[in-house]
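Asker: predicted model, plus sequence, below.
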Amino acid sequence: MSILEVKGVNKRFGGLQALGDVNLSVQENTVHAIIGPNGAGKSTLLNVLVGKLIPDSGSVMFDGQSVLGRKPHEIAQMGISRVFQTPEIFSDLSVMENVIIPCFAKRDGAFRMHGIESVASEAGITEQAEKMLDEVNMLDKRHMTASSLSRGDKRRLEMAMCLVQEPRLLLLDEPTAGMARADTENTIQLLKDIRKQRGITMAIIEHDMNVVFSLAERITVLAQGTPLVEDTPDKIKDHPKVREAYLGEAQV
Amino acid sequence: MLGLNSRDFKLFAIVCIMALVAPILLNPFPTDSALGQSFNAGYPALMQRFVIFGILAIGFNILFGLTGYLSFGHAAFLGMGSYAAVWMFKLLSYNVLPAIVLSVIVAGIFAVVIGYVSLRRSGIYFSILTLAFAQMSYQLAYSVFTPITNGETGLQVYNADPQILMSPGDPTSPHLFGITMNGQTQVDMGGWSFVFQNGYYLAALFLIASFYLSIRIFRSPMGLMLRAIKSNQTRMSYVGLNTKPYMLAAFVISGMYAGLAGGLLAAMDPLTGAERMFWTASGEIVVMAILGGVGTLIGPVLGAGLIKYLENIVSKINDGILHSWFSFLPDWLDNLLVTVIHPFIGKGWHLTLGLLFMAVVIFLPGGLVQGGQKIMGLFGRNKKSDAKDGAKTPAE
Ligand SMILES: Nc1ncnc2c1ncn2[C@@H]1O[C@H](COP(=O)(O)OP(=O)(O)O)[C@@H](O)[C@H]1O
Ligand SMILES: [Mg+2]
C-alpha cells in the first residue's frame, strides 16, 4: 500500500522548472531513496512534501489526505517528520529539553496552554524522553547544551527528536552530507536499527551511493526536475540511462 | 515547596522577605543625617515605584526574556491600565479592587489585538510595529480620545463624577474596602523613622504574586516552548508545534502584567496622563530588563529598582549637597570634584544611567545578575554544578 502519492507536481522558480510533472509513490514500510545530480530538484520536492513550498500544480496525498495548503506544523502532526541537511535542533537548550519538546507536541498537539505545572513534574514525558535518548546512545549527554554536540551527535539528536513523535513517514535530506567516514557509518547503522526496530517508512535523499545502496529498497532517479526511472537498487545500478545521466562509470 | 524546586523557592523566599521589610532595609542611614537625606530610599512614594515597575519588568521579561521578541511599546499597556483604573474610580468608587481588575482586563484585550498584528513579523519589524502601536495610542490619547482620556489635562476624579457605589462614609481616596492606600504607620527608633504604608504593601503583595506566577511560567512546558521559539522556530513547526498561539499567549500575559502595573500606579495616585505611554517610557522598560539580566527571573526586578533609585536619588543630589560632603577637603579640591561630578547628578542622572548601561552591556552582558554571580564566584560560593545548571535552565 502506498503511504505517499505525488501526482503531476510542477514547480517553477521564475524561468526555471525545478519540478516537472513529478509522479512518485512511496510504499508503506519501505526505504525509498531519491537520487539525482545537484540541482535536480530533490530538496524542492521535499519542501513541497512538508508544506514549506506550494507547488504550481499537482497533488500530494499522505495516507489518503491532501497535504497541499497545510502548514508545516499541521503536516508534522499528520505524521511526517523531517531530518534536515544541516541538523535543525534547539541549540540553546539542553539535549534533554530538545527531546522533551517533541514529546509534548506528540501528546498535547500543536498548542496547549500549560503554563503552571512544571516540566519536571511531567514524569511520563521525562521518562519517554530518557528512553529515546538511551535508544540513540545519548543518555549520558542529556544535560549538555545542544550547541556543544559534535556534528554526528547533533544528527542523532535530531533523529531522536523525529522518532519520539512516532512518525508514519520520515523524510531525510542528505543525512550524511559533510560527515566524516565514521559518522557516516554510524548514521547508516542508526537508520538500519530504526528501520528494523520501528519499521518506519523512510524517504531519503542522498548523494552518497554507499548510503543509498546499503539502505534503500526502492530508488527513484530524478534529473532536471523529472523522475527518470524508478526501480530496485540492483536494477538501478545497471540501468544504462541512469549510468549515463547520473552515476557515471567510476562511482559504483 | 509551593510547587517550586528548592533553588527557585529560596529565591522566591528572599524576594518575599525583601519586599516585606523594604521600608526598614532601604533606610539604612539615620533620617536626619546627611547620608540619610540623600540616599535613604525607604519612603512610600519611591518604594511603590520599585515594586510597581518591578511587576512591569517581570511581565516584560516573560515576553522578551523567554521568546527574544523585543516589544518597544509596552508602556502603552501600562497607560491603558492606568486609564481603566481611574475610570473605575470615576464611575464606581475609590475601591481599588475593581479598578485593578479592569486595568488587567483592558490591557489584556488590547494586547490580543496589538499582539495579533505585530506578531505577524519578527525581529526588528516586530519591535517597530509595537512601537508604532504605542505611539499611536499616545497620540490618540492626546487628541481623538480626549473624551475618554481628558487629553493634556490628564484623567482624574472630580466631585461631579457618578461614583455610583460610593456610600457616604467611604474614604475619598483610593482604598481597599476601607483601608486607604495612603494610610501609613510611622515607627521612630533612635534616629531612624520607618514608614509602613498600606498602598506599598498592597503593591508588594501583587509583586510577590506576580513573581511567583512568573517562576511557574518559566519552569512550565509553556516556558520551555517559548524558549524553544527563541532558539529555533523552524524546528518548532517541524515537530508539530504552532508557534503563533504560544507567542500570542506570551504577549498577552506580558501585556496584562503591564496593565496591572498601570492599575497599581493609579491606585497609589488616582490620576494619569498620556505621557505614561510615550515611547521613552517603553524604552525605559527595555533598559530595566537588560540592566538587570534578560531571561533571568530576578534580573528585571533589580533593573527596575536600580533605575527608579537613580531617577529619584541621584536626581536629587545637587552642588550644595556635594559641597557639604567634600567640606573636609581643601577648597580647590572640593571645587574640582564638584565640577567633575556635576554633569552626572541632578538632571544629569540620565548620563549616569547611560554610562552604567553601557558598562553593563559591554562588561556584563548577563546584567546585574551576572555581576552578582561573578561576585559570588569570587567568594568561592558559585559551585561548578550551578554553572552547569545555568546553561540548562534560566538562572535566578
Ligand atoms: N527558493 C528557490 N528559489 C529559486 N530557485 C530555487 C529555489 N530553490 C531551489 N531552486 C533551484 O531549483 C533547482 C533545484 O534545486 P534543489 O531542489 O535544491 O536541488 P537538489 O536538492 O536536487 O540539489 C536548482 O536549480 C535551484 O537553484
Ligand atoms: Mg539539496
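Answerer: Here it is on my side, so go on. Ligands and ions are numbered 1, 2, ... in the order given.

Asker: got a list of what B:V104 touches?
Answerer: By C-beta atoms under 8 Å, 6 or more residues apart in numbering or on different chains, the contact set of B:V104 is B:G81, B:M256, B:G259, B:L260, B:G263. Yep, even glycine has a C-beta here, placed from its N, CA and C like the rest.

Asker: so which of the residues you listed is the most crowded?
Answerer: Counting by other C-beta atoms under 10 Å in any protein chain shown, B:G81 has the largest number of neighbours within the contacts of B:V104, with 35 neighbours.

Asker: before we move on, the earlier item: looking at the contacts of B:V104, which are in helices?
Answerer: Within the contacts of B:V104, residues falling in helices by DSSP state H are B:G81, B:M256, B:G259, B:L260, B:G263.

Asker: now the two most distant members of those residues.
Answerer: B:M256 and B:G263 (10.2 Å; C-beta to C-beta).

Asker: for chain B, which residue gets nearest to ligand 1?
Answerer: At 14.8 Å from ligand 1, B:T234 is the closest residue in chain B, using C-beta to the nearest ligand atom.

Asker: next, the buried residues of the longest helix seen in chain A.
Answerer: Using DSSP H, we find that the single longest helix of chain A is helix A:181-198. By 16 or more other C-beta atoms under 10 Å in any protein chain shown, the buried positions in helix A:181-198 come out as A:D183, A:T184, A:N186, A:T187, A:I188, A:L190, A:L191, A:I194, A:R195.

Asker: stretch A:13-29 too?
Answerer: For stretch A:13-29, a neighbour-count test (16+ other C-beta under 10 Å) marks A:Q17, A:A18, A:L19, A:V22, A:L24, A:V26 as buried.

Asker: the residue nearest to the spatial centre of chain B and chain A: what is the separation?
Answerer: Among the residues of chain B, the one closest to the centroid is B:F53, at 1.7 Å (C-alpha atoms, centre = their mean). Distance of B:F53 to chain A, given as C-beta to the nearest C-beta, to the nearest Å: 23 Å.

Asker: now do residue 146, the pLDDT please.
Answerer: Since you didn't name a chain, this refers to chain A. pLDDT recorded at A:A146 is 97.

Asker: wrong one, I was asking about chain B
Answerer: At B:T146, pLDDT is 90.

Asker: next, count neighbours for it.
Answerer: Neighbour count of B:T146, defined by other C-beta under 10 Å: 15.

Asker: please apply the same query to B:F110.
Answerer: For B:F110, the count of nearby residues is 22 (other C-beta under 10 Å).

Asker: that one reaches B:G79, doesn't it?
Answerer: No: B:F110 lies out of contact with B:G79 (C-beta atoms under 8 Å); the separation is 10.0 Å.

Asker: would you point out which residue of the stretch 101-250 of chain B is nearest chain A?
Answerer: Chain A sits closest to B:G240 of the stretch 101-250 of chain B, with a gap of 3.6 Å, by C-beta to the nearest C-beta.

Asker: what is the end-to-end distance of stretch A:176-183?
Answerer: End-to-end distance for stretch A:176-183: 8 Å, by C-alpha to C-alpha, to the nearest Å.

Asker: what's in contact with that stretch?
Answerer: A:85-86, A:150-152, A:155, A:184, A:187-188, A:206-208, A:211.

Asker: quick one, which of those residues are buried?
Answerer: Looks like the contacts of stretch A:176-183 have A:G152, A:R155, A:T184, A:T187, A:I188, A:E206, A:D208, A:V211 buried, using 16+ other C-beta under 10 Å.

Asker: farthest pair in those residues?
Answerer: For the buried ones among the contacts of stretch A:176-183, the maximum inter-member distance is 16.3 Å, found between A:G152 and A:E206 (C-beta to C-beta).

Asker: so what's A:R195 scoring on pLDDT?
Answerer: 88.

Asker: list phi and psi for the nearest residue to it once chain neighbours are set aside.
Answerer: Leaving aside its chain neighbours, A:R195 sits nearest to A:V31 (6.3 Å; criterion: C-beta to C-beta, 6 or more residues apart in numbering or on different chains). Phi and psi for A:V31, reported as degrees, to the nearest 10, are phi -110, psi 120.

Asker: swap in the one 4 residues further on?
Answerer: Phi and psi for A:I35, reported as degrees, to the nearest 10, are phi -120, psi 170.

Asker: quick check: it touching A:L215?
Answerer: No: if you go by C-beta under 8 Å, A:I35 and A:L215 don't touch, sitting 11.7 Å apart.

Asker: so those two - more neighbours on which side?
Answerer: Neighbours were counted for A:I35 and for A:L215 using other C-beta under 10 Å; A:I35 has more, 24 against 21.

Asker: OK, contacts around A:F111?
Answerer: Taking C-beta under 8 Å, 6+ apart, we find A:F111 in contact with B:L241, B:N242, B:P245, B:Y246.

Asker: can you do 6 Å?
Answerer: B:N242, B:P245 (C-beta atoms under 6 Å, 6 or more residues apart in numbering or on different chains).

Asker: excluding its backbone neighbours, what's nearest A:L24?
Answerer: Nearest residue to A:L24, sequence neighbours excluded (C-beta to C-beta, 6+ apart): A:V6, at 4.1 Å.

Asker: wait, that neighbour sits on A:V26?
Answerer: No: when contacts are counted by C-beta atoms under 6 Å, A:V6 is not listed as touching A:V26 (8.3 Å).

Asker: tell me which of the buried residues of stretch A:13-29 fall in strands.
Answerer: Using DSSP state E, the subset of the buried residues of stretch A:13-29 located in strands is A:Q17, A:A18, A:L19, A:V22, A:L24, A:V26.

Asker: closest point of the stretch 51-200 of chain A to chain B, which residue?
Answerer: For the stretch 51-200 of chain A, C-beta to the nearest C-beta, closest residue to chain B: A:A76, 3.6 Å.

Asker: state the number of residues packed around that residue.
Answerer: Using other C-beta under 10 Å, A:A76 is surrounded by 28 other residues.

Asker: isn't it right up against B:G240?
Answerer: Yes: the pair A:A76 / B:G240 is scored as a contact, 3.6 Å apart, by C-beta under 6 Å.

Asker: burial count for the nearest residue to A:H114 once chain neighbours are set aside?
Answerer: Excluding the flanking residues, the one nearest A:H114 by C-beta to C-beta, 6+ apart is B:P221, at 4.7 Å. Here the number of neighbours of B:P221 (other C-beta under 10 Å) works out to 24.

Asker: chain A against chain B: which residues are in contact?
Answerer: A:72-73, A:76-77, A:82, A:88, A:90-94, A:101-102, A:104-105, A:110-111, A:114-116, A:118-119, A:145 (C-beta under 6 Å from any C-beta of the partner chain).

Asker: once you drop chain neighbours, what's closest to residue 214?
Answerer: Since you didn't name a chain, this refers to chain A. A:I188 (5.7 Å).

Asker: that answer is for a different chain, and I need it for chain B
Answerer: Nearest to B:S214 is B:I58, by C-beta to C-beta, 6+ apart, at 5.0 Å.

Asker: residues contacting A:R142?
Answerer: By C-beta under 6 Å, 6+ apart, A:R142 lies in contact with A:V95, A:M96, A:L133.

Asker: what's whichever strand or helix holds the second one packed up against?
Answerer: Think A:M96. Assessed by DSSP states H and E, A:M96 sits inside helix A:95-108. Contacts defined by 3 or more C-beta pairs under 6 Å, 6 or more residues apart in numbering or on different chains; DSSP states H and E place helix A:95-108 against helix A:123-135, helix A:151-163.
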